[in-house]
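Novice: Quick one, fold the following:
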Amino acid sequence: MPSVRRSPRNSVNDRPAGWRLLLRRQRGLVRPVAWIALAAIAGMLIVFIGHSAAPGHSLTSLRDRLGSATAATGLRVKDVVIEGRANTPEPLLRAAVGVRKGDPILGFSLEQARARIETLSWVEHATVERRLPNTVLVFLQERRPFAIWQNQGKYVLVDRAGQVVADQDVAEFRQLPLIVGQGAPSAAAGLLDALADRPSLAAKVVASVRVGQRRWNLRMTNGTDVMLPEGHEVAAMNRLLQLQQDHAVLDRPLLAIDLRLPDRLVLRPRPAPDDADVVPPLPPAASSPAASSPATLPVVGRKPT
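Specialist: Numbering: from 1, shown residues only. Here you go, the predicted model:
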């Protein structure tokens, strides 16, 4: 077997540099030194927190001290960036954030700022973040207006869950459906979804009126009230569409269409003009006018314009 000749090693070029030799020799000491430094920093923080938590101090004072100390190094707010805002009034939002340009960026509570923002009626969820050295980010998830609620002569916007969103600038959302009556917001989602699936019927509806917090009436464009059964609104709507197709009941001068019983249809015509001012007498057996008079419907106004 032929022998292999090795070239002579250049001891000058192959020898590691001096700093590398030192690093190799001290490598075993690097980790202990790092752990000692971390332990020292942690100890200082514990002492600082313990001193601040002593009587007469609080976490707020600790945060204020930390903010003041770090502000001198340049950790101050230079910009507050808000994302996701469409309808929340900006002055109210910035007041809720509670941070202005020039404030120490570590001198305020993210959780408290988020809680203040979420008290605003338009805000469903908020996130507040620091981006060091000098930016505060606010992410909003706003409530989406679902309907206009008329209650006791006032108009407010409500979301799908029935939460009141706003009571100002309601006219800007006049394209939303109108619901009326106590308890209407929390119960409207299913009914309005069913109407949205039947656009030919929805186009003839002026308002959906909650009756006794149990069932719905539909006030139509011609003034007719369609009385729907409790819990069976979809079936009654389908029946109404079939009646409209076969008999054009929604184009007739009717005061009410009663669909509360599945096997019975009651049509109440409007009184003739000559009979409009005639008030029928109460029957002798009635103990009070309320005992014999028909249930009155809430007054439905027009949408705010």
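
Novice: how about the helices in the stretch 201-305 of the chain?
Specialist: With helices called from DSSP state H, counting those that start in this stretch, the stretch 201-305 of the chain shows them at 233-247, 289-292.

Novice: Oops, could you answer that again for the stretch 51-200 of the chain instead?
Specialist: For the stretch 51-200 of the chain, helices defined by DSSP H, counting those that start in this stretch occupy the ranges 59-71, 90-97, 110-117, 184-196, 199-202.

Novice: Now tabulate those in JSON lines and tack on mean neighbour count and mean pLDDT.
Specialist: Quick note: C-beta positions are derived from backbone N, CA and C, even for glycine. Output for the helices of the stretch 51-200 of the chain, formatted as JSON lines (neighbours: other Cβ atoms under 10 Å; pLDDT from 0 to 100):
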{"stretch": "helix 59-71", "mean neighbour count": "15", "mean pLDDT": "62"}
{"stretch": "helix 90-97", "mean neighbour count": "15", "mean pLDDT": "95"}
{"stretch": "helix 110-117", "mean neighbour count": "16", "mean pLDDT": "95"}
{"stretch": "helix 184-196", "mean neighbour count": "18", "mean pLDDT": "97"}
{"stretch": "helix 199-202", "mean neighbour count": "14", "mean pLDDT": "97"}
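
Novice: Now those in CSV, please, with extra columns for distance to Q168.
Specialist: Output for those, formatted as CSV (distance: least, Cβ to Cβ, whole Å):
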stretch, distance to Q168
helix 59-71, 34
helix 90-97, 11
helix 110-117, 19
helix 184-196, 17
helix 199-202, 27
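
Novice: Mind checking the ones you listed for the one nearest to P229?
Specialist: helix 184-196 (12.2 Å; Cβ to Cβ).

Novice: Alpha carbons only: can I get the closest one in PDB?
Specialist: What follows is helix 184-196 as a C-alpha-only set of coordinates in PDB (Å, rounded to 0.1, in the frame of the first residue of the first chain):
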ATOM      1  CA  ALA A 184     -87.700  44.000  19.900                       C
ATOM      2  CA  PRO A 185     -83.900  44.400  19.600                       C
ATOM      3  CA  SER A 186     -83.000  41.100  21.300                       C
ATOM      4  CA  ALA A 187     -85.600  39.100  19.300                       C
ATOM      5  CA  ALA A 188     -85.300  40.700  15.800                       C
ATOM      6  CA  ALA A 189     -82.400  38.800  14.300                       C
ATOM      7  CA  GLY A 190     -84.400  35.700  13.200                       C
ATOM      8  CA  LEU A 191     -87.300  37.700  11.900                       C
ATOM      9  CA  LEU A 192     -85.200  40.100   9.900                       C
ATOM     10  CA  ASP A 193     -83.100  37.300   8.500                       C
ATOM     11  CA  ALA A 194     -86.300  35.600   7.300                       C
ATOM     12  CA  LEU A 195     -87.400  38.900   5.700                       C
ATOM     13  CA  ALA A 196     -84.100  39.300   4.000                       C
END
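
Novice: Who is A126 paired with across the strands?
Specialist: Here A126 sits in beta bridges with L140, as judged by DSSP bridges.

Novice: Quick check: the gap between the closest residue in space to M220 that isn't next to it in sequence and H232.
Specialist: Sequence neighbours aside, K204 is the residue nearest to M220 in space, at 5.2 Å (criterion: Cβ to Cβ, 6 or more residues apart in numbering). Distance, K204 to H232, by Cβ to Cβ, to the nearest Å: 20 Å.

Novice: quick one on the thing from earlier: closest to R214 out of the helices of the stretch 51-200 of the chain?
Specialist: Closest among these, using Cβ to Cβ: helix 184-196, at 9.1 Å.

Novice: who's in contact with that closest one?
Specialist: 146-147, 149, 151, 158, 160-164, 177, 179, 201-202, 205, 208-210, 213, 216, 233-234, 237 (Cβ atoms under 8 Å, 6 or more residues apart in numbering).
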